[in-house]
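Colleague: show me how the following folds:
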Amino acid sequence: MIKIAVDAMGGDYAPQSVVEGVKLARNSRNDIEFLLFGDEKQIKPLLKDEKNIKIIHADEVITMEDEPVRAVKRKKNSSLVLAAKAVKDGKADALVSIGNTGALLVASLLIIGRIKGIDRPGFTATMPVMNNDKGFTMVDAGANADAKVTNIEQYALLGKYYSELVGHVNNPRIGLINNGTEADKGDMIHRKMHDALQSMNANGEINFIGNIESRELLNGVADVVVTDGFTGNAVLKAIEGTAMSGLGLLKESIKNGGFKAKLGAFLMKDSLKKMAKKMDYKRYGGAVLLGIKDPVVKGHGNSDAKTVKNCLFNAAEIVKSGYVESAKDHFTKVAETK
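Modeller: Now for the predicted structure:
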């Protein structure tokens with residue numbers, strides 16, 4: 001049985017939304033055991049049935065406002081720190097939190113540890129595209145703003161393994177976000193990144209398709225997109241904001257469009273539902289911290305129960321896929337040859 005350590009006190013609506021998400025996941029699958037770390041007095045009343053759920057009391061909480069490094073080092077009995085320790089000690093297979101992103105990153109690095117040979121782990125986020133249901137994987141989505149060439153090389157390989165083993169994409173197309181598709185576009189560091197990825201392509205390590213512009217992302221131009229964390233996070237939030245604003249504008253137009261608009265919406269109800277589902281980025285189950293020794297999944301701080309459930313399912317799929325083991329094998333061999 002897969003065991004997932006859950007930071008039950010992380011997030012804007014914790015522990016309510018986290019516990020409700022765990023219950024949804026538990027009711028859908030019986031091959032996962034959920035270890036809930038948090039205030040037992042707050043969690044227990046939310047659970048009528050504790051089947052496949054275990055509460056581990058934690059009397060401290062790392063809030064969204066806490067400074068990450070200081071909080072992880074000082075709040076040793078916090079729900080996040082205890083959950084990370086459970087993964088490190090082999091008592092859980094994966095960690096899921098919708099709390100403080102910086103604290104999760106620090107706890108993952110200091111407690112669980114990075115894969116040997118990895119310089120800096122990166123967050124990956126799977127986002128929707130128009131022409132399929134698998135979406136595209138972007139690395140880095142916010143962990144490492146000042147990326148070096150070696151980081152981008154490692155992100156390409158981490159993204160490749162993730163796309164193949166978790167996303168079930170054969171020989172994924174890998175692109176580098178830039179301000180143009182030509183090889184000489186961008187600043188000096190992006191030109192060096194392009195050349196490095198091109199060399200990896202020539203060696204048969206990856207399927208690099210070149211530079212890509214952000215406007216083409218939703219058209220499914222690539223399966224894996226690599227970039228620095230600053231650009232990746234900006235792109236991620238722009239896509240999320242556009243999706244929410246677009247659907248909101250459509251609803252407002254129907255609401256204020258009179259009888260014809262409402263009749264048209266009624267006739268197109270099924271198509272509109274499919275469109276809304278396709279653009280729902282929450283269904284992909286949070287951001288995954290690639291480069292850590294065990295699976296770590298981060299959900300939005302404002303996640304509802306359904307989104308928490310998707311994060312838990314994503315963590316379980318990563319465990320089952322053997323992704324971490326494949327990444328460990330590759331980067332350990334590379335590190336040992338240097």
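
Colleague: pLDDT score for the residue lying closest to residue 8 once chain neighbours are set aside?
Modeller: Excluding the flanking residues, the one nearest residue 8 by C-beta to C-beta, 6 or more residues apart in numbering is residue 38, at 3.5 Å. Bear in mind the C-beta positions are built from the backbone N, C-alpha and C, glycine included. For residue 38, the pLDDT comes out at 96.

Colleague: what's the answer for the one 5 residues further on, then?
Modeller: Model confidence at residue 43, given as pLDDT, is 96.

Colleague: that one against residue 20, yeah?
Modeller: No - the pair residue 43 and residue 20 fails to qualify as a contact (C-beta atoms under 8 Å) at a distance of 11.3 Å.

Colleague: mutual contacts of those two, please.
Modeller: Shared contacts of residue 43 and residue 20 (C-beta atoms under 8 Å, 6 or more residues apart in numbering): none.

Colleague: helices and strands of this protein: which one bottoms out on pLDDT?
Modeller: helix 269-278 (a mean of 71; mean pLDDT, DSSP states H and E).

Colleague: and the strands in the stretch 101-250 of the chain?
Modeller: Listed in chain order, the strands of the stretch 101-250 of the chain (DSSP state E, counting those that start in this stretch) span 122-127, 136-139, 173-177, 207-212, 224-226.

Colleague: alpha carbons of stretch 212-223, as PDB, please.
Modeller: What follows is stretch 212-223 as a C-alpha-only set of coordinates in PDB (Å, rounded to 0.1, in the frame of the first residue of the first chain):
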ATOM      1  CA  ILE A 212       9.500  28.200 -28.300                       C
ATOM      2  CA  GLU A 213       7.500  31.300 -27.700                       C
ATOM      3  CA  SER A 214       5.100  31.400 -24.700                       C
ATOM      4  CA  ARG A 215       2.100  32.200 -27.000                       C
ATOM      5  CA  GLU A 216       2.400  28.700 -28.500                       C
ATOM      6  CA  LEU A 217       2.400  26.800 -25.200                       C
ATOM      7  CA  LEU A 218      -1.400  26.100 -25.100                       C
ATOM      8  CA  ASN A 219      -1.300  24.800 -28.700                       C
ATOM      9  CA  GLY A 220       0.700  21.800 -27.500                       C
ATOM     10  CA  VAL A 221       4.000  22.700 -29.400                       C
ATOM     11  CA  ALA A 222       6.000  20.800 -26.800                       C
ATOM     12  CA  ASP A 223       5.500  18.100 -24.200                       C
END
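
Colleague: any buried residues in it, and which?
Modeller: Within stretch 212-223, the residues scored as buried using 16 or more other C-beta atoms under 10 Å are 212, 214, 217-218, 220-223.

Colleague: alright, that wraps it up for me.
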